Every structure is written in structure tokens, then in C-alpha cells.
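> one predicted model, sequence on top.
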Amino acid sequence: MSPVGREPKYPVIIITGTPGTGKSSHAQLLIQESPVPLKHINVGELVKDRGLHEGFDEEWQSYTVDEDKLLDELEPLASAGGIILDWHTCEIFPERWADLVVVLRCNHTQLWDRLEKRGYPLKKIQENNEAEIMDVVIEEARASYPEEIVVTLSSESMEDLERNVASIVEWIKTWLSDRERQTAEET
């Protein structure tokens, strides 16, 4: 049996990393390149748009997520499969949801520049930069999911983006092939 007690047609892929590492860019290109239809869910935007939060934190310039509401909202989508969850953290998502967890990395100097260009407050840039240097997101992923489904990819250039998406596309093809073989063996 696969994650969430389902036999989905398509996988659940989590793309995570410190803000500014290119999660949304990867997800958008993957939607275009994927051999199967996938739905991109920018979790931060979902939280804001659907009111899945307890209010806005002025100091951090972000919403305080209501985890229960968020998970309730995402459960049917994860059960169905065929989604890319794009968020700066991953530990909140149940292990049973994930077929692949992609952790994007970026040189901290380059990351600082990206976050400055977004207009992030200095405190938020510093905190995110420290998180990248200290491997916070990688450690979260490794602690939350089986080792074999967690991959770390560099995200510092367009070439990295294209190479990473091509690698994920190959993974999807293998995932599909494995499901077809399992189904054939069961019949």
C-alpha cells in the first residue's frame, strides 16, 4: 500500500528549502516538463488565501499557520496524489503523504541577495540565512521522512534548475514504471 492508504495515479512531491532557494520556480517548470499532470500548491499562498492562519506576525512579516486547518485542507489533495507541495518547511506534512522530498540548497551569500531583492526585513534575511547555513531544512526532512525519498539539490543557477527538474522528471518516470510493475504483479 502506498502513502495515505491510496493507490494514486500520480505522486506527491514536496519541494522545500529556505525561502529564496527556488521552490516555486522548480515547481512551475516541473508542471511544464512532467510526463503526468501535477498540481502546484504554494502552501504559503494557500495559507493566506484560505485563511488557514491565526493572524499576521508583523515582526516576521508572515502568517502564523494554523497547522490543523492546513492539514485538513491538504489531506484530500494528498490522498488523491498528483501534487507538488511547495513550502519552506516540510516536517508538518505526514510521512505517509510523501513520495519524494526535494530539499533545495543555495549558497548563503547568493541567498542573502535574493531575499534582499524580495524586500525582506533584515531580521528575516538573517534568520533565513542562518537556517540555510545550519542545514535546518535538510535536517527537518531527514528527521521526518525515509532516507531514500529525500534528495538535496543545488539551486544556484538556471542550469541547476533545468538539471534538477530533468532529474525529478526521470524520478517520476521510474515511479510510474514501478507502479505499473506492481499492478501487473498483483493481477
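Cool, got the structure. These numbers were taken from a predicted model, which means no experiment stands behind them. Numbering: from 1, shown residues only.

> list phi and psi for Gly119.
In terms of degrees, to the nearest 10, the main-chain angles of Gly119 are phi 80, psi 20.

> for the lengthiest helix in the chain, buried residues please.
Longest helix in the chain, counting residues (DSSP state H): helix 158-186. For helix 158-186, a neighbour-count test (16 or more other C-beta atoms under 10 Å) marks 160-161, 164-165, 168-169, 171-172, 175, 179 as buried. Heads up, the C-betas are built off the backbone N, CA and C, glycines and all.

> report the residue spans of the chain with pLDDT below the cut-off.
Within the chain, the segments meeting pLDDT under 70 span 1-7.

> how about 80 then?
Along the chain, the model assigns pLDDT under 80 to residues 1-8, 59-61, 183, 186-187.

> tell me which stretches of it form helices.
Using DSSP H, the helices of the chain run over 23-33, 43-50, 67-80, 108-117, 122-133, 136-144, 158-186.

> could you dump the ones you listed to JSON lines with distance to Asp99?
Listed next are those as JSON lines, based on distance: least, C-beta to C-beta, whole Å:
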{"stretch": "helix 23-33", "distance to Asp99": "13"}
{"stretch": "helix 43-50", "distance to Asp99": "17"}
{"stretch": "helix 67-80", "distance to Asp99": "10"}
{"stretch": "helix 108-117", "distance to Asp99": "27"}
{"stretch": "helix 122-133", "distance to Asp99": "25"}
{"stretch": "helix 136-144", "distance to Asp99": "14"}
{"stretch": "helix 158-186", "distance to Asp99": "6"}
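
> closest one to Ile15 among these?
helix 23-33 (4.9 Å; C-beta to C-beta).

> the closest one to helix 43-50, inter-axis angle?
Orientation note: helix 23-33 sits at an angle of 90 degrees relative to helix 43-50 (axes from the mean of the first three to the mean of the last three C-alpha atoms, to 10 degrees).

> mind listing what's buried in helix 23-33?
23, 25-30.

> closest to Leu38 among the residues you listed?
Nearest member of these to Leu38, counting by C-beta to C-beta, is Leu30, at 6.7 Å.

> contacts only, for the closest one.
By C-beta atoms under 8 Å, 6 or more residues apart in numbering, Leu30 lies in contact with 13, 15, 38, 40, 84, 165, 168-169.

> can you name the farthest residue from the center of this protein?
Within the chain, the residue lying farthest from the chain centre (C-alpha atoms, centre = their mean) is Thr187, at 33.8 Å.

> from Glu180, how far off is that one?
11 Å (C-beta to C-beta, to the nearest Å).

> joint contacts of those two?
Listed contacts common to Thr187 and Glu180 are nil; contacts here mean C-beta under 8 Å, 6+ apart.
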